Structure formats: structure tokens, C-alpha cells
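Asks: Generate coordinates for the sequence data below:
(2 chains)
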Amino acid sequence: MSLSGTTAEPRAEQPFLQHHFALPEQQAEASKIGMWLFLVTEILLFGGLFAGYGVMRMLHAEAFHQAHAHLDRALGALNTVVLLVSSFTMAMAVHSARRGERRRVVLFLLLTLTLAGVFLGVKYVEYSHKFRDGLLPGRFYAHRGDATPGQFMFFSFYFLMTGLHGLHVAAGMVVIGWLLRRALRGEFSARYYTPVDLAGLYWHLVDMIWIYLFPMLYLIS
Amino acid sequence: MSATPQAESGTRTYLCVLAVLLALTAVTVLAAGVNFGAPSVNVVIALAIASLKGSLVALYFMHLRHERPMNAVIFLTGLAMLAIFLMFCFLDTASREPVAPSAAPAPQAAGGARPTSARILRAS
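Replies: Reported below is the predicted structural model:
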């Protein structure tokens, strides 16, 4: 990329270009690198939970196996499908933004937002089932008649991991809502769609984390 | 000149990737019901399928495949750090003797015996 500073257009016609960048492309690349660095910190945040989960599952394999049977595998699979499709619609929103198709950007952002809502709705159904049965983390665990002790441990990880992931979904919905508002105002074009691009990256990472959470929590054999 | 040469992926590509991701989800659910001999085999299969799905998301949905490699370097460095972190956690757990329950009697021999993690815990 040439950084000679010879922009084809005057800055007045590129209101999105910050003064400390020479070119729109340079600004977009820098933003993306920043987003990827943030995504890495997210991976390490969840990584701590993955490590704790792995250690506890190694130490209490039977309790984890027994406890995971309380989860509804069909609902977990449904949510996996919902999130995968939402990743697709988000990719399509970025794709449409890149091609300057403003109406399609709005459409795909709306679809993504709806699917995110469906995901949290299914999660709500699952959580209320766990709450009713006393399948709660740590000392709040109140389920009776377990064959293997220590199942509260599984639910500590279940609620921590899906809870943190759910918070990320909710945060993603706020960001997508904000993008929708900006898209409806016509602020994005083929020349400037960085916010859509970056939110897309974040959304795909949330999807990727769920791709690991699903077999770890729902598919213990 | 374009800083983000990523025009290669189109609607068709994204649809294909989605179809593969959904198929792999079905495979991982089915594989969880099969007895491969040892539970650890199931874990390896489940994590391998998840990693395949994650790679597809990163390569196509997140554009790593058609981008300059800087972002991929950042991402893979993060994953390498996570791998080191997880590896030592699991190596440590797998190579320890079981921690004695807190009500267990104190060990008889003070010297000579290998220090168990229970004794290390008590000593600290």
C-alpha cells in the first residue's frame, strides 16, 4: 500500500477519514488490526474458562458426564444452527456493504438481529428449566437424587461460560442495532463500511466460541 | 490499489460455507452418540470438528483467506498462546496424584516418600 499521501479526493469529500490517516484504506486496515487484537483478548478471556473446565472435567469426569445429561441436546443444536445462520447473514451484511447495496445491508442486519434474539430466547427457556430444577452453580445447586456427587461443578462452568457468551450476544445485539440506525441514515457506502466490517468480525468470533461451547457442554460422551 | 483485496468471496461461497457448517454440526451431534472405544476419542473428534468449523468461519466469514496475512498472524499468535496455556494446565492436572480429601489422616512417613500434592497443599 502506498502511503505517499497523494489522496485522489480532497478530505472534505471523505468526512469519515480521520486526520491522522493518509488514506481511507490505511484507516480501514488499522481499524481491522485493532479489532483482531481485541478479538485475541476475548479468546484469552474465554481461554481461562476453557482451562478451568478442562481441569475440572479431568478430575470429575463421571460427575460432568452425569450432569450434562440434564441439558437439552436438541435445544443446544438448535441454538448452534441459529448462530451459524446468523453468522452467514452477518457475512452477507458485510458483503452487501462492500458492494454499496444499502437496502440489503439493512435487511441482513435485521435478520442477524432477529436470529440473535432467537438465540437468547432459547437460552432463556433453557435457563428457566435449570432454575426450576435447582441445577444451579456452586452452593446454589439444589438438585436431589444425584448418583454422582459434585455435579454443581458442571453447572458452575455451564452458567459461567454460556452466561459470558450470552452477554457477548447481547452486546453484539446493541452494536448491530446501532449499525442498523447508521445504515438507515445512509452513513455507509462502498467507500466506508468499516463499522459493519468490524462488528461482523466480532459477531463471527461470538459464533466461533459457541462452536466450541456446544460440544464441550452438550455432547459429553 | 485496494487495501482489502477480498472481493473473491461472494454469496455462493458464503452459502457453501454455511451448508458445510450445518453439515458438520449434524456430524458432531451424531458422533457424540457413537462409542469409539474410549471417551477421549470422542473428545478429540468433537474438538477436531469444532476446529474445522472455526477455521471455516475464520477463513471465509472473517475474510482471513483473502486478506493480507497481518490479521491472521495476530489471530494465530493468540491461539498459540492459548494452546501453551491449556497444554500446561492439562499436563499438570494429568501428571498429579489425586489430591487427598481434607478429612484424610496425615501421612505416616515424614521423609523419604515422594511429595504428593496433598502434602504440598498441607505444607503451604
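
Asks: make it CA atoms for all contacts and neighbour counts henceforth
Replies: Noted.

Asks: Return the distance of stretch B:54-69 from the chain's centre.
Replies: A distance of 19 Å separates the centroid of the chain from that of stretch B:54-69, by CA atoms, centre = their mean, to the nearest Å.

Asks: Now do the contacts for the residue lying closest to residue A:150 once chain neighbours are set aside.
Replies: In this structure, residue A:150 finds its nearest non-sequential neighbour in residue A:63, 5.9 Å apart by CA to CA, 6 or more residues apart in numbering or on different chains. Residue A:63 makes contacts with A:148-151, A:154, as judged by CA atoms under 8 Å, 6 or more residues apart in numbering or on different chains.

Asks: Contacts only, for residue A:47.
Replies: So, once contact is read as CA under 8 Å, 6+ apart, residue A:47 ends up touching B:82, B:86.

Asks: element containing the residue nearest the centre of chain B?
Replies: Taking CA atoms, centre = their mean as the criterion, residue B:47 is the residue nearest the geometric centre of chain B, at 6.4 Å. Element membership for residue B:47, per DSSP states H and E: helix B:39-56.

Asks: I'd like the next helix or strand past that helix.
Replies: Sequence-wise, the next helix or strand downstream of helix B:39-56 (DSSP H and E) is helix B:70-95.

Asks: Return a PyMOL selection command for the buried portion of the contacts of residue A:63.
Replies: Buried subset of the contacts of residue A:63, written as a PyMOL selection, criterion 16 or more other CA atoms under 10 Å in any protein chain shown:
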select buried, chain A and resi 150+151+154
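
Asks: Can you pull out the low-pLDDT segments for the chain?
Replies: Looking at chain A here, since you left the chain open. A:1-10 (pLDDT under 70).

Asks: let's do chain B instead
Replies: Along chain B, the parts satisfying pLDDT under 70 run over B:1-8, B:98-124.

Asks: The longest helix anywhere in chain A: which residues count as buried?
Replies: For chain A, the longest helix by residue count, based on DSSP state H, is helix A:24-59. Neighbour-count burial for helix A:24-59 flags A:24-29, A:31-33, A:35-37, A:39-40, A:42-44, A:46-47, A:50-51, A:53-57 (criterion: 16+ other CA under 10 Å).

Asks: And for stretch A:14-22?
Replies: Buried residues in stretch A:14-22, counted by 16+ other CA under 10 Å: A:16-17, A:22.

Asks: next one: stretch A:182-201
Replies: Applying 16+ other CA under 10 Å to stretch A:182-201 flags A:183, A:188-189, A:192-201 as buried.

Asks: can you narrow those to ones near chain B?
Replies: The subset of the buried residues of stretch A:182-201 within reach of chain B, by CA under 8 Å from any CA of the partner chain, is A:200-201.

Asks: Could you dump the buried residues of stretch A:182-201 into a markdown table with secondary structure and distance to residue A:127 added?
Replies: Listed next are the buried residues of stretch A:182-201 as a markdown table, based on DSSP: H, G, I helix; E, B strand; the rest coil; distance: CA to CA, whole Å:
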| residue | secondary structure | distance to residue A:127 |
| --- | --- | --- |
| A:183 | helix | 34 |
| A:188 | coil | 38 |
| A:189 | coil | 41 |
| A:192 | coil | 40 |
| A:193 | coil | 37 |
| A:194 | helix | 36 |
| A:195 | helix | 32 |
| A:196 | helix | 31 |
| A:197 | helix | 32 |
| A:198 | helix | 30 |
| A:199 | helix | 27 |
| A:200 | helix | 27 |
| A:201 | helix | 28 |
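
Asks: between the buried residues of stretch A:182-201, which is closest to chain B?
Replies: Distance to chain B, by CA to the nearest CA, is smallest for residue A:201 among the buried residues of stretch A:182-201, at 5.7 Å.

Asks: I'd say that closest one and residue B:62 touch.
Replies: Yes - between residue A:201 and residue B:62 there is a contact at 5.7 Å, judged by CA atoms under 8 Å.

Asks: Residue A:207: what secondary structure?
Replies: In terms of secondary structure, residue A:207 is helix; the call rests on DSSP: H, G, I helix; E, B strand; the rest coil.

Asks: So which bits of chain A are right by chain B?
Replies: Residues of chain A lying near chain B (CA under 8 Å from any CA): A:1, A:25-26, A:29, A:32-33, A:36-37, A:39-41, A:43-44, A:47, A:50-51, A:54-55, A:58-59, A:77, A:80-81, A:84-85, A:87-88, A:91-92, A:95, A:200-201, A:204, A:208, A:211-212, A:215, A:219-221.

Asks: returning to that earlier point: touching chain A at all, the helix holding residue B:47?
Replies: Yes - using CA under 8 Å from any CA, helix B:39-56 reaches chain A at B:39, B:42-43, B:46-47, B:50-51, B:53-54.

Asks: Give me the ChimeraX select line for those residues, limited to the buried ones.
Replies: To isolate the buried ones among the residues of helix B:39-56 next to chain A in ChimeraX, judged by 16+ other CA under 10 Å, type:
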select /B:42,43,46,47,50,53,54
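
Asks: what about residue A:146, distance to chain B?
Replies: For residue A:146, the distance to chain B equals 20 Å [CA to the nearest CA, to the nearest Å].

Asks: can you give me phi and psi for that residue?
Replies: Dihedral pair for residue A:146: phi -80, psi 140, per degrees, to the nearest 10.
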